[in-house]
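Enquirer: got a predicted structure here, sequence first:
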Amino acid sequence: MPAFLYNRDGETDGVSAHSSTLKSVTVLLTIRCNKIGNIYTSIMARIIAICNQKGGVGKTTSAISIATYLAISCKKTLLIDIDPQGNATSGLGINKHDVKVSAYHLLIDGAEPATVIIDTGVSGLKMIPSNLELTGAEVELVGALGREYRLKKALAPILSDYDYIIIDCPPSLGLLTVNALALANSVIVPVQCEYYALEGLSQLTNTIKLVKENINPTLELEGVLLTMADFRAKLTKEVINEARNFFKEKVYNTVIPRNIKLTEAPGFGKPIALYDKDSVGAQRYQELVNEILGIKMLKPQQKETFASPNILTDKELQADSKKEMK
């Protein structure tokens with residue numbers, strides 16, 4: 001990626017410097033996308049929900065990073081924050097307390113998408129923000145007609161405006177998540193490389209199955225993303241093995257390591273691609289998006305072992321992981 005995409009000047013110099021950096025990125029990225037002849041067509045967007053009812057698995061970080069790298073890859077992208085915590089909103093430098101029209105108004109009041117969608121400062125990436133107002137939406141939706149299809153119905157007019165729509169779901173399997181699954185073509189499930197990581201996944205996969213059978217017959221499991229991996233720990237290998245044995249080829253080759261820069265980036269209101277493009281976390285999310293886009297395909301046998309350069313035998317990755325943990 002061009003160096004100008006990751007200018008960190010003014011990183012800690014406050015809001016004005018942050019805004020200036022993002023404006024520069026917007027202009028230069030627009031030029032880059034135009035130069036390679038990217039033409040957006042009327043084909044319906046590919047819609048991916050990032051979902052896991054267990055919190056703290058890197059769900060929001062993954063949603064922001066995937067959406068950002070898709071935009072950097074010149075894919076017109078919409079990020080939907082349907083989590084009342086609004087972390088995807090604040091993680092892109094948007095003050096969720098200042099948001100006047102949010103996902104709540106889209107779901108409950110029938111607001112027009114154009115009044116809810118906002119710019120993020122990254123060219124090609126827009127978002128539907130969220131805040132605490134969305135907390136009451138689940139209760140209000142209980143008695144609503146066609147409650148499972150509210151999000152799908154609201155966004156139907158704009159689905160052809162984007163190449164990708166990424167949905168950051170709340171850490172639950174309530175009506176907000178069901179609305180996301182009713183809209184989505186597929187689901188990415190982030191799984192933390194910890195002892196209890198795979199517990200509860202059967203409940204999630206069962207929910208996906210029920211939604212597929214009763215609400216959205218096109219819904220598929222896009223993939224399982226292993227996150228927060230500490231390659232120094234034997235447990236990490238065991239969790240990766242177990243996940244690959246259970247989900248087979250659905251597990252992405254790319255494994256996201258524990259990385260200090262990934263935890264710092266939201267505090268600066270920047271995606272990792274803009275905060276520190278040279279960090280291990282940034283590089284792995286770039287590789288993940290390449291997998292999603294089919295840009296970089298590894299040999300099939302690499303999925304069954306730890307021979308993949310992105311997993312455990314890459315000494316450079318392990319060394320970088322140790323360095324970032326310090």
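Expert: Good, I have the coordinates.
Enquirer: what stretches of this protein score poorly on pLDDT?
Expert: Residue ranges of the chain with pLDDT under 70: 1-42, 296-326.
Enquirer: now do the helices in it.
Expert: Assigned by DSSP state H, the helices in the chain fall at 15-35, 59-72, 87-91, 103-108, 113-116, 137-141, 150-155, 175-183, 201-214, 234-247, 260-264, 272-275, 280-293, 315-325.
Enquirer: surely N131 meets K100?
Expert: No - between N131 and K100 there is no contact under Cβ atoms under 8 Å: 9.7 Å. C-beta: built from backbone N, CA, C; applies to glycine.
Enquirer: tell me which of these two has more neighbours.
Expert: Neighbours were counted for N131 and for K100 using other Cβ atoms under 10 Å; N131 has more, 22 against 10.
Enquirer: distance check, the more buried one against F246.
Expert: Distance from N131 to F246, counting by Cβ to Cβ, to the nearest Å: 36 Å.
Enquirer: most centrally placed residue in the protein?
Expert: Ranked by distance to the mean C-alpha position of the chain (Cα atoms, centre = their mean), the top residue is A63 at 1.2 Å.
Enquirer: so how far is L70 from that one?
Expert: 11 Å.
Enquirer: overlap in contacts of these two?
Expert: Both A63 and L70 are in contact with I166, where contact means Cβ atoms under 8 Å, 6 or more residues apart in numbering.
Enquirer: can you show me the CA trace of stretch 51-67 as CSV?
Expert: The C-alpha coordinates for stretch 51-67 follow below in CSV (Å, rounded to 0.1, in the frame of the first residue of the first chain):
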residue,chain,number,x,y,z
CYS,A,51,-21.1,-12.1,14.8
ASN,A,52,-20.4,-13.9,18.1
GLN,A,53,-22.6,-13.8,21.2
LYS,A,54,-19.5,-13.9,23.3
GLY,A,55,-18.0,-10.5,24.0
GLY,A,56,-14.3,-9.6,23.9
VAL,A,57,-13.3,-11.7,20.9
GLY,A,58,-12.2,-8.9,18.6
LYS,A,59,-15.5,-8.6,16.8
THR,A,60,-15.6,-4.8,16.5
THR,A,61,-11.9,-4.5,15.7
SER,A,62,-12.4,-7.1,13.0
ALA,A,63,-15.5,-5.3,11.6
ILE,A,64,-13.6,-1.9,11.4
SER,A,65,-10.4,-3.4,10.0
ILE,A,66,-12.2,-5.5,7.3
ALA,A,67,-14.3,-2.6,6.2
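Enquirer: pretty sure D119 contacts K126?
Expert: Yes - taking Cβ under 8 Å as the definition, D119 is a contact partner of K126 at 6.0 Å.
Enquirer: who's more crowded, the two?
Expert: For D119 versus K126, neighbours defined as other Cβ under 10 Å are more numerous around K126 (20 against 13).
Enquirer: residues contacting that one?
Expert: K126 neighbours (Cβ under 8 Å, 6+ apart): 77-79, 117-120.
Enquirer: same question for N131.
Expert: N131 makes contacts with 84, 86, 89, 96-97, 99, 102, 104, as judged by Cβ under 8 Å, 6+ apart.
Enquirer: Serialize those to TSV and add fields for distance to E287 and neighbour count.
Expert: Formatted as TSV, these follow (distance: Cβ to Cβ, whole Å; neighbours: other Cβ atoms under 10 Å):
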residue	distance to E287	neighbour count
P84	31	22
G86	28	25
T89	26	29
K96	30	20
H97	35	10
V99	32	22
S102	32	25
Y104	35	23
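Enquirer: could you check how far the residue nearest to the centre of the chain is from A180?
Expert: For A63, the distance to A180 - Cβ to Cβ - is 11 Å.
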